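Colleague: Structure for this input, please:
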Amino acid sequence: MTRRRIIIVDDHPLFRAALRQTLAGGDATVSVEEAGDLNGLSTALDADRDCDLVLLDLNMPGVRGFSGLLLLRAQYPDIPVMIISAVEDSTVVRRAFELGAAGYLHKSVGPTEIRRAIETVLSGEVFVPEGTIMGGDDAHTALMRRLATLTPQQVRVLMMLSDGLMNKQIAYELSISEATVKAHVSAILQKLDVDSRTQAVIAAARIEDGQFEALFSVGAEGAPS
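Modeller: Below is the predicted model of the structure:
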C-alpha cells in the first residue's frame, strides 16, 4: 500500500490539528505531518525529501505575502504546494497560481471540500476554488513570472532588501560574503528587469496589490492568514 505524505505548514496549532484529523482520520494511506513555520518544514524535508504535498498558509511569522511560496517553489520545485488561507480574494488566488501553486483552498470550506481539493492535487491536477476569476495577463502577471525565476537565495536576499538591509547586513544574516550578496543583487536586478535596488524592492512590493497589500503590509499585526 503506497502511503502519501502531506505536510501542513501553519502557525496555528489548533488549525493544524483539525486539518490533520480531516486528512488522516481513518485513512491508512495518508501520512500527515505538521510544521509551525518554514524552518520546521525545511527540517522535515531535509530528513526526508519524499513528500507528495505541502499545505502552506500564506501569512506566518517570518513570511510576508508570497515570499514563502516563492521560496518553496524555488527550493523544492518537485513538491506540489497548495495554499490554504483565509484570504479569498480572486486576485490573490490568481497570483498564487502564477507563482506555481498547485491549488488554493479557502479555510472556510468544510471537510468534504478539503478532501476533494487534496485528492485533485495528489492526482496531478490543479485545484481552483469555485468563483475564482482566472486568466488575463497584466503587468503583475509578467512580474510574477520573473519573480518565479529567482533562486532560493535570491528570494532571501530580495526579502532582506525589502526590509532595508544593506549588503553587509545581508551577508552577516546569510553567512556569505559581501561579494556574493552583490552578485545575488545583480542577478535579481537582471531577472526582474530593473536598474536599481530601489526598483527591485518596489517590484517585489507590487505583488501585494489591492486588499492583499493591506493584509500583508510590512509589520502588519493581526492580518488574516
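
Colleague: Let me see the contact set for the residue nearest to the spatial centre of the chain.
Modeller: Geometric centre of the chain, nearest residue: Leu69, 1.6 Å, by CA atoms, centre = their mean. Shown in contact with Leu69 (CB atoms under 8 Å, 6 or more residues apart in numbering): Leu56, Leu58, Val81, Ile83, Ala96, Leu99, Gly100, Ala101. C-beta: built from backbone N, CA, C; applies to glycine.

Colleague: Which of the residues you listed scores worst on pLDDT?
Modeller: Minimum pLDDT for these is recorded at Leu58 (84).

Colleague: What number of residues are in the vicinity of that one?
Modeller: 26 (other CB atoms under 10 Å).

Colleague: shouldn't it be in contact with Phe66?
Modeller: Yes: counting by CB atoms under 8 Å, Leu58 does reach Phe66; the two are 7.4 Å apart.

Colleague: Now the common contact residues for the two.
Modeller: Ala96.

Colleague: what's the longest helix in this structure?
Modeller: Taking DSSP state H as the criterion, the chain has its longest helix at helix 178-192.

Colleague: pLDDT averaged over the helix or strand containing Leu143 - what is it?
Modeller: Secondary structure assignment for Leu143, by DSSP states H and E: helix 139-147. Across helix 139-147, pLDDT averages out at 78.

Colleague: and it, what does it pack onto?
Modeller: Applying 3 or more CB pairs under 8 Å, 6 or more residues apart in numbering; DSSP states H and E, we find helix 139-147 packed against helix 90-98, helix 178-192, helix 197-205.

Colleague: Please repeat the previous calculation with a cut-off of 10 Å.
Modeller: Helices and strands touching helix 139-147, by 3 or more CB pairs under 10 Å, 6 or more residues apart in numbering; DSSP states H and E, are helix 67-75, helix 90-98, helix 152-162, helix 178-192, helix 197-205.

Colleague: Okay, buried residues for the third one please.
Modeller: Read it as helix 152-162. Within helix 152-162, the residues scored as buried using 16 or more other CB atoms under 10 Å are Gln153, Gln154, Val155, Arg156, Val157, Leu158, Met159, Met160, Leu161, Ser162.

Colleague: thinking again about what came up before, could the helices and strands packed on helix 139-147 be laid out in CSV, adding distance to Tyr172?
Modeller: Shown next, in CSV, are the helices and strands packed on helix 139-147 (distance: least, CB to CB, whole Å):
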stretch, distance to Tyr172
helix 67-75, 20
helix 90-98, 32
helix 152-162, 10
helix 178-192, 9
helix 197-205, 18
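
Colleague: Thanks a lot, catch you later.
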